[in-house]
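[1] take a look and give me a structure for this.
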Amino acid sequence: MAFVVFVVLFVIPLWRICSRAGFNPALSLLVIIPLVGSIVLAALLSFREWPQPSIASREP
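    Numbering: from 1, shown residues only. Predicted structure coming up:
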């Protein structure tokens, strides 16, 4: 039961963050690894260059 709550609270939102940031959404599964996974994912999201959105996607 605790694992299901963990997945709902952490993995699913991180899946969406990674996909919207242009990264492979499977990176969110790293948080399942205790302590190390969340540190690695935070480092990847904070230090890697994020893809720039195209100008066409910003126009209404």
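[2] contact partners of the lengthiest helix in the chain?
    Longest helix in the chain by number of residues (criterion: DSSP state H): helix 36-47. In this structure, residues lying in contact with helix 36-47 by CB atoms under 8 Å, 6 or more residues apart in numbering are 14, 17, 18, 21, 23, 27, 28, 30, 31, 33. Heads up, the C-betas are built off the backbone N, CA and C, glycines and all.
[3] now, of those residues, which are buried?
    Restricting these to buried positions leaves 14, 18, 23, 27, 28, 30, 31, with burial counted as 16 or more other CB atoms under 10 Å.
[4] ok, which pair from the residues you listed is furthest apart?
    In the buried ones among the contacts of helix 36-47, the most distant members under the criterion CB to CB are 23 and 31, with 13.7 Å between them.
[5] look up how far residue 1 lies from residue 30.
    Shown here: residue 30 relative to residue 1, a distance of 22 Å by CB to CB, to the nearest Å.
[6] quick one: mean pLDDT for stretch 13-20?
    Averaging the model's pLDDT scores along stretch 13-20 yields 90.
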